[in-house]
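1. Here is the input, now give the coordinates:
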Amino acid sequence: MKASNIVMMALGGLVACTTLVACKDNAGAQAAQRGMTPINVTVMPLQKRTVDLTSTWFGHLRGVDQADIRPEVSGKLLEQVYWHGSLCEKDEVLFRIDPSNYQAAYDQALANVAAAKAGVLQAQVADEQAQKDLERFSALVESGSVSEKQFTDAQHAKRRCEAALAMARAQEAQAEAATVMARLNLERCTIRAPFKGLATKSNVSVGDFVAAGQVVMTRMSSIDPIRVDFSVPARQMSQQAQGEEYYDLPDKMSPVKEFDLILEDGSVFEHKGTVHAVDSEISQSTGTVKFVGYVPNPQLKLRAGAAVRVQARTGEIKDALLVPSRALVSSMNHRFIYVVAPDNTPLGIDVKLGKELVLDMPNGDGTVVPMLMQVVTGTVKPIAETLKEAGIENVEDAQVIVGGGQMAAQYALANAGMRKAGAQDGFGTVVPQPFIYEKPATTVESVTTDNDAE
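-> Numbering: from 1, shown residues only. Model (predicted):
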């Protein structure tokens, strides 16, 4: 039987089936009816590599240490020493409150201490004299030179002097304690930075009366390192720690040890962060676990309050097979990739989709460009086995059709019908050319101004 007759029989069979099969079969029959002219397609080698899996979570930045700076004493604000929003060293002066009243109180406390010391000295002299009188009367009472009453009075006088001395010493201690408090209040008139960090804009002005503990004069945040708070779904933690007993925080409880910060403009911050703490409870409202990370910030580029994304490697897929996402062809709720068989016919493989990733891939022009790639596995049998049956021994040798996949699908369907009809040649073939990825052109939207509207 001639090949042309076989082709006609195959095409006739395909046309007869159009009333019974889906429209995809119609497309295959029509492709065969057009004479199965070879079609140009762009191809890319099937990629096999170990793929790192990453996850992204939303977070926000805050200071590792944060403090509201409030006055500890009341008074009129004399001076703001720091500049709004500046970096302040630990113990650097921020504000000064009028110390006049507190200086006077301190001086008074010092005077009270001096008076108390004098009182102690007087009490000591009186106590020593009472002791001598008691010793003298004790010797005389035995000889009968003094009466028992005189001796008893001397004993009572000694006890009164001892009590007076104890009271004087207590008053001295009280005066010294008051001096310490007065000195602290005087020192508190000078408000200092509790740690190294950025101070926000001042909320008070020179001349204001500030009450102790009432007003927040400024806020400070330590931002090197800076802290990032983010939440991880509990299911990710259970997947990561499955089969493990974990008590050593955060190494085993955390699905991530270090991470990248993605800033609001989409850029990746230059320093990697590390997980510092993991909450022990799962939030009942969100089903997430709170994480605390620290990120070096030596140039102070990061500021507290900023929204960020935390991106981290959470696992890997070994020997993953990847194709460009645009190489996928959909049909009847299935996904197919098409490769060029050794005889240049398109070979369709039913695949299951895995992770979608942006990876640096070799381009057809010899460059390396980021492409949106799809991890795929065979649904019926392993892709490597399907390729081997088609005569492609190594998966890396398979050429995946990226551009022209729809026509390749029609040819593959028509070829299947022809083979079923017993054809030996005349199959639809493809002419592979390297796929060259070109970044889509940026679309500039027109903006209507008020003048244009008029």
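2. Contacts only, for V340.
-> 41, 43, 346-347, 398-399, 401, 430, 432 (Cβ atoms under 8 Å, 6 or more residues apart in numbering). The way it works is simple: take the backbone N, C-alpha and C, and place the C-beta from them, glycine included.
3. Next up, phi/psi of it, please.
-> phi -90, psi 120 (degrees, to the nearest 10).
4. and if you look at K352?
-> Per degrees, to the nearest 10, the backbone of K352 is at phi -110, psi 140.
5. swap in G348?
-> Dihedral angles (degrees, to the nearest 10) for G348: phi -90, psi 140.
6. In contact with it, which residues?
-> Per Cβ under 8 Å, 6+ apart, neighbours of G348: 329, 336-338, 409, 412-413.
7. top of these by neighbour count?
-> Counting neighbours by other Cβ atoms under 10 Å, Y338 leads the contacts of G348 with 29 neighbours.
8. Please flag which of the contacts of V340 sit within strands.
-> The strands, defined by DSSP state E, take in 41, 43, 346-347, 399, 401, 430, 432 from the contacts of V340.
9. so which of those residues is the most crowded?
-> Busiest of the ones in strands among the contacts of V340 [other Cβ under 10 Å] is I401, holding 29 neighbours.
10. how close does that residue sit to N415?
-> Distance of I401 to N415, computed by Cβ to Cβ, to the nearest Å: 14 Å.
11. hey, what's in contact with both of these two?
-> Taking Cβ under 8 Å, 6+ apart as the contact rule, I401 and N415 both touch P346.
12. any low-confidence regions in the protein?
-> 1-35, 143-144, 237-256, 439-454 (pLDDT under 70).
13. so what are the domain limits for it?
-> Domain assignment for the chain by automatic domain parsing gives 3-53+317-434, 69-98+189-219, 105-181, 224-302.
14. Longest helix of this protein, counting residues only.
-> helix 100-143 (DSSP state H).
15. other SSEs contacting that helix?
-> helix 148-187 (3 or more Cβ pairs under 8 Å, 6 or more residues apart in numbering; DSSP states H and E).
16. Can you identify the element that follows the helix it packs on toward the C-terminus?
-> strand 190-192 (DSSP states H and E).
17. Specify the local secondary structure of the residue nearest the centre of the chain.
-> The residue lying closest to the centre of the chain (Cα atoms, centre = their mean) is V310, at 4.1 Å. Local secondary structure at V310 is given as strand here, using DSSP: H, G, I helix; E, B strand; the rest coil.
18. Just the C-alpha atoms of stretch 192-203, please, in CSV.
-> Taking C-alpha atoms only, stretch 192-203 is exported to CSV below (Å, rounded to 0.1, in the frame of the first residue of the first chain):
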residue,chain,number,x,y,z
ARG,A,192,20.1,60.3,78.5
ALA,A,193,19.8,57.7,75.8
PRO,A,194,19.3,54.2,77.4
PHE,A,195,21.1,52.5,74.4
LYS,A,196,22.6,53.2,71.0
GLY,A,197,19.8,53.9,68.5
LEU,A,198,17.7,56.3,66.5
ALA,A,199,15.6,58.9,68.4
THR,A,200,12.4,60.0,66.7
LYS,A,201,11.2,63.6,66.4
SER,A,202,10.7,65.3,69.8
ASN,A,203,7.2,65.6,71.1
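19. Can you get me a residue count around H271?
-> With other Cβ under 10 Å as criterion, H271 counts 16.
20. What residues does the closest residue in space to it that isn't next to it in sequence make contact with?
-> The shortest distance from H271 to any non-neighbouring residue, by Cβ to Cβ, 6 or more residues apart in numbering, is to P296 (4.3 Å). By Cβ under 8 Å, 6+ apart, P296 lies in contact with 224-225, 271, 273.
21. Need the phi and psi values for P296.
-> The phi and psi values for P296, taken as degrees, to the nearest 10, are phi -60, psi 140.
22. where's it relative to T274, distance?
-> On the measure of Cβ to Cβ, P296 and T274 end up 9 Å apart.
23. Now flag whichever of the contacts of G348 is closest to T288.
-> I337 (36.2 Å; Cβ to Cβ).
24. which SSE is the closest one in?
-> Assigned by DSSP H and E, I337 falls in strand 334-340.
25. picking that back up, and the furthest pair within the contacts of G348?
-> It's I337 and L413 that sit farthest apart of those, by Cβ to Cβ, at 14.8 Å.
26. can you pick the most crowded of the contacts of P296?
-> Ranking the contacts of P296 using other Cβ under 10 Å puts G273 first, with 26 neighbours.
27. what's across from that residue in the sheet?
-> F259 (DSSP bridges).
28. what's around the closest residue to R96 other than its chain neighbours, how many residues?
-> Spatially, and ignoring its direct neighbours in sequence, R96 is nearest to E79 (4.3 Å; Cβ to Cβ, 6+ apart). Neighbourhood size, E79 [other Cβ under 10 Å]: 12.
29. returning to what we had before: and the domains of the chain: which comes nearest L61?
-> Once the domains of the chain are compared by Cβ to Cβ, domain 224-302 is nearest, at 5.5 Å.
30. From one end of that closest one to the other, what's the distance?
-> 9 Å (Cα to Cα, to the nearest Å).
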